[in-house]
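J.: how does the following fold in three dimensions:
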Amino acid sequence: MRGSILKIYTTSMLAHDLQHKIDFKTKPLGALGSLEQLAHKIGMLQQTTSPQLINPHMVVFAADHGIARAGVSAYPQEVTYQMVMNFLGGGAAINVFCRQNGMKIKIVDAGVNFDFPPHLALIDKKVRKSSRNILEEAAMTAEEYQQALENGKAVVKDIAATGCNVIGFGEMGIGNTSASSLMMSRLFKIPVADCVGRGTGLNDIQLQQKIGILIQAAEKHAQIATPDEIAQTFGGLEIAQMIGAMEEAYRQKMLILVDGFIATAAIAVAWKKNPEILNSCIFCHVSDETAHLRMLDTMGQKALLNLNLRVGEGTGCALAYPIIQSAVNFLNEMSSFEDANISNKD
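T.: Next up is the predicted model:
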């Protein structure tokens, strides 16, 4: 009993000390807005009034989806492996933004329908080539899903061993907005049609076709209910590995940067199992995918950026990282009224 009381007291004191440090910087009270909330959250996560962001990493999980063959995307399935090759060559948007902001990038083959040649920059965690077509059966067997979770955890354990304490998650997989829409619908009990967007850029006719296909898939698997069942049945191998990776990042007390719609669907599964995981998360942007804002609102979260992005890959995380770094920097480097001999307000 005494131990639990002491823990509550020390957490309370840290929260107070962080807020005091923030409030007495040389600025009007609250004038740095969301940066102040970020600084407080990161300090609480790291249990210090002087947090640091060390060796930031971005992890992009890639996999194919069986449902892509049903025509739910504007792009053919082979774009998944072609984009992975682009990542490895350093030519994608996520490569550009990671280079710009000093983030290391790791590319993970979680289940791409392609045999990649050996490449030092590619982490081979392939469970199988593509998830199954959810119009016919669950995306993964229970064994495949558990293996995907373990593979994601292993990736993060290796990164944590380098001293990294801030990690972002992105994805690549033609068809994965469809998987995420079905996951969102079942996790939050929202009609499928309200969870479906244009993905890679569908026109109106294609969008209605996508909605119809996903309603069929949802009806076929009407009985599944638990978060893991939902992810196993509707998700993809890259989404499952991202779930495992996020859960491991939480265990490692890392700051978790959540990208767009697909990454938010992954963290929603982890959140349903462990609500405390959100204390480690920063939601980096609200996607142009229609249902993303609704999912964030349902989880009680606000995103840092709204740039109408729908690239995926973790681009929102990389773009938001300098803002997150600014929150830490002002907390550590900005003068207080006392330090600067400036009069505070009465």
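
J.: what about Leu53, how many residues nearby?
T.: Applying other C-beta atoms under 10 Å, we find 17 residues neighbouring Leu53. Yep, even glycine has a C-beta here, placed from its N, CA and C like the rest.

J.: part of a strand, is it?
T.: No. Per DSSP: H, G, I helix; E, B strand; the rest coil, Leu53 lies outside any strand segment and is coil.

J.: ok, it - contacts?
T.: Residues in contact with Leu53 (C-beta atoms under 8 Å, 6 or more residues apart in numbering) are 42, 165-166, 255, 324-325, 328.

J.: which of the residues you listed has the largest number of neighbours?
T.: Neighbour max across the contacts of Leu53 (other C-beta under 10 Å) = Val166, 27 neighbours.

J.: dump the residue contacts of the residue lying closest to that residue once chain neighbours are set aside.
T.: Spatial nearest neighbour of Val166, excluding adjacent residues (C-beta to C-beta, 6 or more residues apart in numbering): Leu255 at 4.2 Å. By C-beta under 8 Å, 6+ apart, the contact set of Leu255 is 42, 45-46, 53, 165-167, 280, 282, 324.

J.: do the same with Ile42
T.: Per C-beta under 8 Å, 6+ apart, neighbours of Ile42: 51, 53, 255, 324, 327-328.

J.: neighbours of the residue lying closest to Arg132 once chain neighbours are set aside, how many?
T.: Nearest non-adjacent residue to Arg132, counting by C-beta to C-beta, 6+ apart: Gly66, 4.7 Å away. Per other C-beta under 10 Å, the neighbour tally for Gly66 reads 20.

J.: what do you get for the one 5 residues further on?
T.: Other residues within reach of Gly71, judged by other C-beta under 10 Å, total 13.

J.: kindly report the same for Leu88.
T.: With other C-beta under 10 Å as criterion, Leu88 counts 18.

J.: sec struct for it, please.
T.: Leu88 ends up helix, using three-state DSSP.

J.: per-residue pLDDT, it?
T.: For Leu88, the pLDDT comes out at 96.

J.: going forward, begin numbering at 38 instead of 1
T.: Let's use 38 as the start, then, which means that last one is Leu125.

J.: and the gap between the residue nearest the centre of the chain and Lys247?
T.: With distances taken as C-alpha atoms, centre = their mean, Val295 lies nearest the centre of the chain, 2.8 Å away. Noted for Val295: a distance of 24 Å to Lys247, by C-beta to C-beta, to the nearest Å.

J.: which non-adjacent residue is nearest Ala255?
T.: Nearest non-adjacent residue to Ala255, counting by C-beta to C-beta, 6+ apart: Val229, 5.1 Å away.

J.: again, but for Cys354
T.: In space, Cys354 is closest to Gly205, 3.2 Å off (C-beta to C-beta, 6+ apart).

J.: I'd say that neighbour and Val97 touch.
T.: No. In this structure Gly205 lies outside contact range of Val97 using C-beta atoms under 8 Å: 9.1 Å.

J.: identify the contacts common to the two.
T.: What both Gly205 and Val97 touch, as defined by C-beta under 8 Å, 6+ apart, is the set Gly351.

J.: quick one: the strands in the stretch 238-383 of the chain?
T.: Along the stretch 238-383 of the chain, counting by DSSP state E, counting those that start in this stretch, strands occupy 292-295, 318-320.

J.: on contacts alone, who are the packing partners of the last one?
T.: Which is strand 318-320. strand 292-295 (3 or more C-beta pairs under 8 Å, 6 or more residues apart in numbering; DSSP states H and E).

J.: can I get the strand it packs on as PDB, trimmed to CA atoms?
T.: Extracted in PDB, the C-alpha atoms of strand 292-295 (Å, rounded to 0.1, in the frame of the first residue of the first chain):
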ATOM      1  CA  LEU A 292       7.800   7.700 -27.500                       C
ATOM      2  CA  ILE A 293       5.500   6.300 -30.300                       C
ATOM      3  CA  LEU A 294       4.800   8.500 -33.300                       C
ATOM      4  CA  VAL A 295       1.600   7.400 -35.100                       C
END
